[in-house]
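# My questions concern the predicted model and sequence given below.
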Amino acid sequence: MAEGVIQVENLVKSYGSVEALRGVSFAVAEGEVFGLLGPNGAGKTTTVEILEGLRNPDRGQVRVCGMDPQKAGDDFKQRVGAVLQSTSLPDKLRVEEALTLFSHFYRRRRDPAELLRRFQLEEKRHAFYSELSGGQKQRLALALALANDPSVLFLDEPTAGLDPQVRREIYTIIEELKKEKKTLLLTTHYIEEAERLCDRVAIIDSGRLIALGTPHELKQRSGSTTRIQVRLAHAEEDGALRQLEGVTDCRELDGSMVMHSTRPPQTIVALVKHLEAQGNELQSLEIASPSLEDVFIELTGRRLRD
Amino acid sequence: MKHTWTLSKMRLRLAMRNRTFLFFSLVMPLFFLFLYAVVFARGKPEAVAYLLGPVLALTVMGSFWGLSMQLVTFREQGILRRFQLTPVGPGAMLGSSIVANYFLSIPTVVIEFLICRWVFHMATWGNLWQVFCMVSIGAATFSAFGLIVASVTNNMQETQVINNVIWFAFLFFSGATLPLMVMPAWIQRFALFLPATYLVTGLQGSIMRTATTRDIAGDVFVLAAGMVFAFEISRQLFRWEPEAKVPGRAKVWVAVAMVPFLLLGVWENFRGQSLNKIRRDFQTFERQAGPDSQH
């Protein structure tokens, strides 16, 4: 197993007949922001909850800061922080009280007033938990995760269900944590989140880790192709477009055709000629570098949100 | 202990902000007090002294209901799983329920006592030391019973059904509402297996000064044993996660918490002294409240 603050080796977990994890292995270095990217039900939350010590693996080994989360007990909990995907606090607990309460549980702790400032919750310090908006609740969850000034943070879908503006606020907070050299493991199914925040990304699908690397490396793995997305007046057989010069892959996606090409100019010329010959029309054309979504589609044949 | 106290303070705050809790823990017991004192005791100070025991017992036992519901709510809403990430263990979480409930019960008990003394002119304070012991151990024991219900039920519906069954038995077969002496003989014998009976009779004897220190020590010991068993079983069966279900066979462990009361019930049924004391106190009440007094 590679050296790392977080080490996962051959993790296997089933819920009845459902195999949630089928031999997942990876390591996260100190100060690294590591993303687990995958669709719902891929096994991301199960992996994180095993690392947090909330669940037992059926097989495999995990170490966080050199400790087994299931066995280390108090020492482990003193050193890690977490934002769970589904959790809550008592409705009638005030924001400031929650921060003070949680900081009391730890030997090493951050000043609740400083956390209120940092997470822009000062105005809401006397508000009940039930009175907070979704974004404020999530900021509070992040603040609580930092109550013990942890060296390792687990963030399970920290922006799920939030509107884009709040999501960007959370990104800024995570980027600040990154600057503080915290080791972060975050799960997400947002491509933008993984590309913007993560040093390395593991793509996980159906309980298996199918790709691992920096976002750049993963995109390079797409064969240095360029993504050409076209919308046509009449539907085309993807087989025909796949024959165009430079095209390595072509799929239908939400009514558009997405091609990957190693020679974009030649592909576009060939496409225009082909459409003219077929009496078809080009309604729109977008050219972009491949995203992690493309990598995922290439690897699984499905979109992340499918 | 530090975590237990920290959580207890939080639980106290949350309870004070919960109107439903305040209604059931303060208004309802006072309603019962006035009902018993005015209707059953007809305002006669001596009779009020007899009925204060059951009223205090109802106040103390009421905790069992609220605690089980609160803990199941915390689990169902995913609140407990957030605490699972912290160094707080099941013992501190459960212990805080008992501590908070104790401090929430005491003011109501004091108010009830003061009303009986100053409004209904109850002649005696009773043996306050004995009353304190019975209230304290009663609050802790019935809180622990609430925790065990929360530990063996998987959802709120199940909790409500089990609570209703247990509460009904505690309410009607322990002398807390109807004096045992007006019940059929078989119910009187069944009552000797219920922890609530020992709380009611212990409090009654302490207020009327008819219970000896030895009598109270026996009641306290059995209630304390029940509390220890119930607390430990709750701790073992404690679940943080909403989706974690308790296996059916684990529910059998609840019977273990009842072992001290089963043993005591067998012993008291064989010996018959408890029923004699209950009869003696009831006859005193009948004389004081008048010949046509009905409770």
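Cool, the structure landed.

# B:Gly205 should be in a strand, yeah?
No: under the criterion used here (DSSP: H, G, I helix; E, B strand; the rest coil), B:Gly205 is helix, not part of a strand.

# now the nearest residue to it once chain neighbours are set aside, what's its secondary structure?
Among residues not flanking B:Gly205 along the chain, B:Ala211 sits closest, at 2.7 Å (C-beta to C-beta, 6 or more residues apart in numbering or on different chains). Every C-beta, even on glycine, is put in place using the N, C-alpha and C of the backbone. Here B:Ala211 is recorded as coil under three-state DSSP.

# Contact partners for B:Ala211?
By C-beta atoms under 8 Å, 6 or more residues apart in numbering or on different chains, B:Ala211 lies in contact with B:Asn127, B:Gln130, B:Thr201, B:Gly202, B:Gln204, B:Gly205, B:Lys277.

# Give the burial count for the closest residue to B:Met181 other than its chain neighbours, as a bare number.
In this structure, B:Met181 finds its nearest non-sequential neighbour in B:Phe282, 4.2 Å apart by C-beta to C-beta, 6+ apart. The local packing of B:Phe282 (other C-beta atoms under 10 Å in any protein chain shown) involves 18 other residues.

# Helices of the stretch 1-150 of chain B, start to end?
Ranges of helices within the stretch 1-150 of chain B are B:2-16, B:19-22, B:28-34, B:45-61, B:63-76, B:79-84, B:90-118, B:128-152, based on DSSP state H, counting those that start in this stretch.

# With distance to A:Gly255 and mean neighbour count as added columns, please give these in CSV.
Shown next, in CSV, are the helices of the stretch 1-150 of chain B (distance: least, C-beta to C-beta, whole Å; neighbours: other C-beta atoms under 10 Å in any protein chain shown):
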stretch, distance to A:Gly255, mean neighbour count
helix B:2-16, 52, 17
helix B:19-22, 53, 12
helix B:28-34, 63, 17
helix B:45-61, 66, 26
helix B:63-76, 42, 23
helix B:79-84, 42, 22
helix B:90-118, 53, 20
helix B:128-152, 53, 24
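
# out of the ones you listed, nearest to A:Thr45?
With C-beta to C-beta as the criterion, A:Thr45 lies closest to helix B:79-84 of the helices of the stretch 1-150 of chain B, at 12.1 Å.

# Check which helices and strands the closest one is in contact with.
helix B:63-76 (3 or more C-beta pairs under 8 Å, 6 or more residues apart in numbering or on different chains; DSSP states H and E).

# Give me the nearest residue to the most centrally placed residue in chain A, chain neighbours excluded.
Geometric centre of chain A, nearest residue: A:Thr188, 2.5 Å, by C-alpha atoms, centre = their mean. Of all residues not flanking A:Thr188 in the chain, A:Ala194 sits nearest, at 5.6 Å (C-beta to C-beta, 6+ apart).

# ok, now how distant is that neighbour from A:Ala29?
When distance is defined by C-beta to C-beta, to the nearest Å, A:Ala194 is 17 Å away from A:Ala29.

# Looking at the two, which one has more neighbours?
Higher neighbour count among A:Ala194 and A:Ala29: A:Ala194, with 27 against 14, using other C-beta under 10 Å.

# so that one makes contact with A:Gly35?
Yes: with contacts counted by C-beta atoms under 8 Å, A:Ala194 reaches A:Gly35, the gap being 4.4 Å.

# shared neighbours of these two, anything?
By C-beta under 8 Å, 6+ apart, the residues touching both A:Ala194 and A:Gly35 are A:Thr188, A:Val201.

# Let me see the contact set for the residue nearest to the centre of chain A.
The contact partners of A:Thr188, taken as C-beta under 8 Å, 6+ apart, are A:Gly35, A:Leu36, A:Leu37, A:Glu157, A:Pro158, A:Thr159, A:Ala160, A:Ala194.

# So the second one: helix, strand or coil?
Following three-state DSSP, the label given to A:Leu36 is strand.

# so who does it touch?
By C-beta under 8 Å, 6+ apart, A:Leu36 lies in contact with A:Lys44, A:Thr47, A:Val48, A:Leu185, A:Leu186, A:Thr187, A:Thr188, A:Val201, A:Ala202, A:Ile204.

# distance of the closest residue to B:Phe120 other than its chain neighbours from B:Gln236?
Using C-beta to C-beta, 6+ apart and skipping the chain neighbours, the partner closest in space to B:Phe120 is B:Val48 (4.5 Å). Separation of B:Val48 from B:Gln236 (C-beta to C-beta) stands at 43 Å.

# neighbours around the nearest residue to A:Pro264 once chain neighbours are set aside, how many?
Nearest residue to A:Pro264, sequence neighbours excluded (C-beta to C-beta, 6+ apart): A:Thr226, at 4.5 Å. Neighbours of A:Thr226 under the rule other C-beta under 10 Å: 19.

# Next up, the contacts around A:Thr226.
A:His260, A:Ser261, A:Thr262, A:Pro264, A:Ile287, A:Ala288, A:Ser289, A:Pro290.

# Filter those residues down to the buried ones, PyMOL style.
Remark: buried members of these, expressed as a PyMOL selection using 16 or more other C-beta atoms under 10 Å in any protein chain shown:
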select buried, chain A and resi 260+261+264+290
